[in-house]
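Enquirer: Attaching a predicted model along with its sequence, questions to come.
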Amino acid sequence: MRYFDYLEINQKEFVTQLERLFTVYKVQPVGNGYIDCIVMKNDFKEFIKEITAIGILITDVSWWCYVKPTEDNESTECPHGMGGPESEYYEGWFSELQNDFFEADVEFSNKASNVYEIYSKILDLLKKIGPFEIEFKKTSIHLLNKSSFGGIHPKKKWLDFNLVTNHQIEHEKITKIEQVSKNRFHNNFRFHSEDELNQEFLVLLKESYLLMS
C-alpha cells in the first residue's frame, strides 16, 4: 500500500483526529482542506509529534508572523509587509513569511512507508475482531476495548507493538517480555513488514482484545 493510498483509505479517521488536535493546540487551517495549518511556535513540536503518531508524515515547517494589536492600536500591520488571516483563537492575525522552510526533526517524521502499512494492517485485523477505540498519546497509540490491550510505537524503519496478555507467550517477533503483575504480561513485538502479521499473531491479538473487554 502506498502512503497516499493509506491516507485516503483512513481519511475519516484522520479527519476526526486532526480536528481533535486542532482544538487541543488551537491550530488554524488556512486555504483548502489542511494545506496550511497555523500553530503557535511554543506548541508546534508537540503538535508535529502527535500528528506523526497517528501516521501522517511531516517533513517541513513554514513560518508565519503573528501580529498582536497594541493597547493603543497604533501599529497593527505586519512588520514584514505581508498579509494574512485573522486569528480564530487569539487577538490579532497571521501573515506568511518568505523564510526558508524549517526541516522537522527526524524524531517526529521520516517514517518508512512500511511502518504505516503495518499500522494499517493491525487496524484492519482488529476491525474483523470487534469494535475498539484508538487513543493517541504523545509518542504512541493505544488500542482499547474498555481497557488498553495494545500499544503501537512507530519507529523510523519498523513498528513496535506492545500486547497485553495474562500469561507468558512465545512468538518469533517478540523482542521483550515484561511481567507487570501476577497475571499481566507486556509483550513487545517488532514488525518490519505487514506480511509478518501472521495467523499466530492474529490469535494472540484476539486473545488480548477479549482479555481487556
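Expert: Okay, I see it.
Enquirer: Regarding the protein, what is its longest helix?
Expert: helix 113-129 (DSSP state H).
Enquirer: What residues of that helix count as buried?
Expert: By 16 or more other CB atoms under 10 Å, the buried positions in helix 113-129 come out as 114, 115, 116, 117, 118, 119, 120, 121, 122, 123, 125, 126. C-beta: built from backbone N, CA, C; applies to glycine.
Enquirer: Residue 172 - how many residues pack around it?
Expert: When neighbours are defined as other CB atoms under 10 Å, residue 172 has 9 of them.
Enquirer: ok, now how distant is it from residue 204?
Expert: 12 Å (CB to CB, to the nearest Å).
Enquirer: Hmm, residue 173 is touching residue 190, no?
Expert: Yes - between residue 173 and residue 190 there is a contact under CB atoms under 8 Å: 5.9 Å.
Enquirer: now the host helix or strand of residue 20, how far from the centre of its chain.
Expert: Assigned by DSSP states H and E, residue 20 falls within helix 11-25. With CA atoms, centre = their mean, to the nearest Å as the basis, helix 11-25 stands 10 Å off its chain's centre.
Enquirer: Show me what that helix packs onto, helices and strands only.
Expert: Counting contacts by 3 or more CB pairs under 8 Å, 6 or more residues apart in numbering; DSSP states H and E, helix 11-25 is packed against helix 44-53, strand 133-136.
Enquirer: Can you check what angle separates the first one from helix 11-25?
Expert: Between helix 44-53 and helix 11-25, the angle formed by their directions is 160 degrees, by axes from the mean of the first three to the mean of the last three CA atoms, to 10 degrees.
Enquirer: Strand partners (parallel or antiparallel) of the helix or strand following helix 44-53?
Expert: Later in the chain than helix 44-53, the nearest helix or strand by DSSP H and E is strand 60-61. Using DSSP bridges, the strands paired with strand 60-61 are strand 102-103 (antiparallel).
Enquirer: mean confidence score for the strand it pairs with?
Expert: Average pLDDT, strand 102-103: 62.
Enquirer: Need the buried residues of helix 113-129 in TSV (columns: pLDDT and distance to residue 140).
Expert: Shown next, in TSV, are those (pLDDT from 0 to 100; distance: CB to CB, whole Å):
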residue	pLDDT	distance to residue 140
114	81	18
115	84	13
116	78	15
117	82	18
118	89	14
119	87	11
120	83	16
121	89	18
122	92	13
123	87	15
125	92	18
126	91	16
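Enquirer: could I get those as CSV with distance to residue 146?
Expert: Output for the buried residues of helix 113-129, formatted as CSV (distance: CB to CB, whole Å):
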residue, distance to residue 146
114, 31
115, 28
116, 27
117, 28
118, 25
119, 22
120, 24
121, 23
122, 19
123, 18
125, 19
126, 14
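Enquirer: Check the residues you listed against residue 134 and report the nearest one.
Expert: Nearest to residue 134 among those, counting by CB to CB, is residue 123 at 8.0 Å.
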